[in-house]
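Trainee: here you go, sequence then predicted model.
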Amino acid sequence: MLKQPATKYSPFPPVGLTDRQWPNRVITKPPVWMSTDLRDGNQALFEPMDVERKMRMFKMLCDIGFKEIEVAFPSASQTEFNFVRKLIEEKHIPDDVTIEVLTQAREHLIHRTMESIKGARRAIVHVYNATSKPFRDVVFNMSRAEVIDMAVSSVKLIKQLAADMPETEIQLQYSPETFTGTELDFALEICDAVTAAWGATPANKVILNLPTTVELATPNIYADQIEWMHRNLARRDSVLISLHPHNDRGTAVAAAEMGLMAGADRVEGCLFGNGERTGNVDVVTLALNMYTQGVAPDLDFSDINAVAREFEDCTRLPIHPRHPYVGDLVFTAFSGSHQDAIKKGFAAHKAASVTNAPWNIPYLPIDPADLGRSYDSVIRVNSQSGKGGIAYLLETGYGIVMPRRLQVEFAGVVQRETDAHGGEMTAADIWQLFSRTYLDTTTPVKYVEHHLFEHGNAQGIRLTVEVDGTTHLLTGEGNGPIDAAVHALRSVSAGLQVRSYEERSMGSSSEGGDARACAFLEITRPGGRECYGVGLDANIVTASIKALLSGINRMGMAATGSESKAA
């Protein structure tokens, strides 16, 4: 058990923004997206991507629609430097994409960074230094004024070097690292000093990146900090406020959403949230959250499986099967009650008279088809499943639309199977079990053939069956073919009664041959239980007779051997 923290941990102080506006706002448009998969995401990997994998990742990010991509920390290693040069010299950068490079606020690193982007059409130079009190006092042993001078002198150097590179349009990005732990008045002071030194204008905006370098508080605190900066920054019309949330508290997505409501313009993150420690904000989740609220994110995730597989191959990181929107199981329901609700939701959506009816399927906040996912895995069956999921799989995969009471009966059969053997049952497994239970029940009574005839106002039938291998010709009359067959079969199944009858038309399938009709009969006997039989055939009368025999065999009602007699 954890000990009481006492004074070891101090609660994060509130911002004191008593008239905050962000809680009353909603996100109505996507931010400027910046992918840091190739830099922040890459440096957090067990095995950083080699050039070939980085190039594949870069091309995928461009295809998805990122217009700003942080490609490297070029002063950190020759490998990083060379990758930037390869992108520029081999002309891999689309005209509408801007690369970004990162550097610490140190002179020799800035020189190396500026050298790496020579010849680029456009580049963002991202410079940072830590600003919080622990860093000022413990790491740097510097005063506030000295930390500001570090940032400003670095910005002036970048500006000077940029003037010598007229062929490259350079935009400045500054990050007060550890922003969330920095006193707001000081964060404001250093940011204003940076924009003044650069000469920020509405036509030459500076990106001020305000990161949750480490998540220190609940996301509403971050939103208050962003709104406070948004209100108080000098030259606000010449600034883009950027968010770079990390996920130490598991709330990076919420922090980004609230930060956008608080006035931010831009978000930096990684596709699936990889990054230092617990990762950067998950851009896929953030973007698709917007999509479910009617906001087009301007990023293309219409084939999310292809994106996920390429990401896994490039990073060697697996995506969790329950990862929002993307995991292999996120559109999969095993719970019986969930499956029943999803099945009914699909039926209602299909029957909706309005062509553009809004998506409103229980337990599915987004249409899997919008992400290039099929409905095949929406409902899967294990020991936790119920009749709704089983019925859905048989209907969508095999065209078997079971009556409700048959759903209940067969669910018990499936439950016993999963309890006995454990694990998951696929649609094919369920079909095989359904076939064994209802369609392959040809003993002791097996259908051979039948002929119908008229007898006055009655319908007559001559029905040939085999009982334990012996052929019997049975005759009967009734008010229709099924009633006539019931009367004929009572000679081998005393007390046979039909409780309910339904038929369904079916399309042909590889599993059912040329079967076009399916008959369901619920039979009973005096004082006995009810039992379903199912028959498939191109002829509906034949299917109905097979369903009768299926029920008789399953019920154990057949009189066999010498006990049977022809009518």
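Mentor: Thanks, I have the structure now. Being a predicted model, the structure only gives us computed values, none of them experimental.

Trainee: where do the strands sit along the stretch 101-250 of the chain?
Mentor: All strands of the stretch 101-250 of the chain, identified by DSSP state E, counting those that start in this stretch, fall at 122-130, 169-177, 206-212, 239-245.

Trainee: out of the ones you listed, which comes closest to Tyr9?
Mentor: For these, the distance to Tyr9 is smallest for strand 206-212, at 17.6 Å, taking CB to CB. Bear in mind the C-beta positions are built from the backbone N, C-alpha and C, glycine included.

Trainee: would you mark the buried spots in stretch 311-326?
Mentor: Phe311, Cys314, Thr315, Leu317, Ile319, His323, Pro324, Tyr325, Val326 (16 or more other CB atoms under 10 Å).

Trainee: which residue, neighbours along the chain excluded, lies closest to the fifth one?
Mentor: Counting by CB to CB, 6 or more residues apart in numbering, Ala308 is the residue found nearest to Ile319 once chain neighbours are left out, at 5.4 Å.

Trainee: how much space between that neighbour and Ser337?
Mentor: 29 Å (CB to CB, to the nearest Å).

Trainee: low-confidence ranges, the protein, go.
Mentor: Under the criterion pLDDT under 70, the flagged ranges of the chain are 1, 5-6, 333-336, 339, 353-355, 374-388, 507-515, 527-528, 558-567.

Trainee: so which residue is dead centre in it?
Mentor: With distances taken as CA atoms, centre = their mean, Tyr325 lies nearest the centre of the chain, 1.4 Å away.

Trainee: in its sheet, which strands sit next to the one helix or strand Gln459 maps to, and in what direction?
Mentor: Gln459 belongs to strand 458-467 when assigned by DSSP states H and E. Looking at strand 458-467 with DSSP bridges, its partner strands are strand 445-455 (antiparallel), strand 470-478 (antiparallel).

Trainee: for the chain, what's the longest helix?
Mentor: helix 144-163 (DSSP state H).

Trainee: residues in contact with Gly235?
Mentor: If you look again at residue 235, you'll see it is Arg, not Gly. When contacts are counted by CB atoms under 8 Å, 6 or more residues apart in numbering, Arg235 touches Asp192, Thr195, Ala196, Ala200, Thr201.

Trainee: PyMOL command to pick out the buried ones of these?
Mentor: In PyMOL syntax, the buried subset of the contacts of Arg235 is picked out as below (16+ other CB under 10 Å):
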select buried, resi 192+195+200
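
Trainee: let me have the contacts of Arg235 in JSON lines, adding distance to Gly345 as columns.
Mentor: Formatted as JSON lines, the contacts of Arg235 follow (distance: CB to CB, whole Å):
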{"residue": "Asp192", "distance to Gly345": "53"}
{"residue": "Thr195", "distance to Gly345": "51"}
{"residue": "Ala196", "distance to Gly345": "57"}
{"residue": "Ala200", "distance to Gly345": "51"}
{"residue": "Thr201", "distance to Gly345": "53"}
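
Trainee: nearest to Ala145, of the contacts of Arg235?
Mentor: Asp192 (14.1 Å).

Trainee: please list all residues in contact with the nearest residue to the closest one once chain neighbours are set aside.
Mentor: Distances taken as CB to CB, 6+ apart place Ala234 nearest to Asp192, at 4.5 Å, with adjacent residues excluded. Listed by CB under 8 Å, 6+ apart, the contact partners of Ala234 are Asp192, Thr195, Ala196.

Trainee: over to Arg249?
Mentor: Taking CB under 8 Å, 6+ apart, one finds Glu215, Ala217, Thr218 in contact with Arg249.

Trainee: ChimeraX command for the buried members of those?
Mentor: Paste this into ChimeraX to select the buried members of the contacts of Arg249, with burial taken from 16+ other CB under 10 Å:
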select :215,217
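
Trainee: from the centre of the protein, point out the most distant residue.
Mentor: Farthest-from-centroid check, the chain (CA atoms, centre = their mean): Gly456, 63.9 Å.

Trainee: list the contacts of that one.
Mentor: No contacts exist for Gly456 under CB under 8 Å, 6+ apart.

Trainee: tally of neighbours for the residue nearest to Asp40 when sequence neighbours are not counted?
Mentor: Spatially, and ignoring its direct neighbours in sequence, Asp40 is nearest to Gly275 (4.8 Å; CB to CB, 6+ apart). A count of nearby residues for Gly275, using other CB atoms under 10 Å, gives 27.

Trainee: and what of Ile93?
Mentor: When neighbours are counted by other CB under 10 Å, Ile93 comes out with 19.

Trainee: start the count at 16 instead of 1 going forward.
Mentor: Taking 16 as the first residue, the last one we looked at is Ile108.

Trainee: any idea how far Thr330 is from it?
Mentor: Counting by CB to CB - Ile108 and Thr330 are separated by 21 Å.

Trainee: before we move on, back to that, Throw the contacts of Arg264 into CSV and include distance to Glu481, thanks.
Mentor: Putting the contacts of Arg264 into CSV (distance: CB to CB, whole Å) gives the following:
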residue, distance to Glu481
Glu230, 74
Ala232, 78
Thr233, 74
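
Trainee: quick one: which of the contacts of Arg264 is nearest Cys77?
Mentor: Glu230 (29.8 Å).

Trainee: doesn't Asp263 make contact with the closest one?
Mentor: Yes: when contacts are counted by CB atoms under 8 Å, Glu230 is listed as touching Asp263 (3.9 Å).

Trainee: wait, a strand at Gly284?
Mentor: Yes: secondary structure assignment places Gly284 in a strand (DSSP: H, G, I helix; E, B strand; the rest coil).

Trainee: could you find the closest non-adjacent residue to it?
Mentor: Val296 (3.8 Å).

Trainee: that neighbour - how many residues pack around it?
Mentor: With other CB under 10 Å as criterion, Val296 counts 27.

Trainee: that one touches Val282, doesn't it?
Mentor: Yes: look at Val296 against Val282 with CB under 8 Å: they come within range, at 6.7 Å.

Trainee: can you work out which residues contact both of these two?
Mentor: The contact lists of Val296 and Val282 share Leu258, His259, Pro260, Ala271, where a contact means CB under 8 Å, 6+ apart.

Trainee: kindly reformat those residues as TSV containing distance to Val170 and neighbour count.
Mentor: Converted to TSV, those look like this (distance: CB to CB, whole Å; neighbours: other CB atoms under 10 Å):
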residue	distance to Val170	neighbour count
Leu258	21	29
His259	18	27
Pro260	24	33
Ala271	26	30
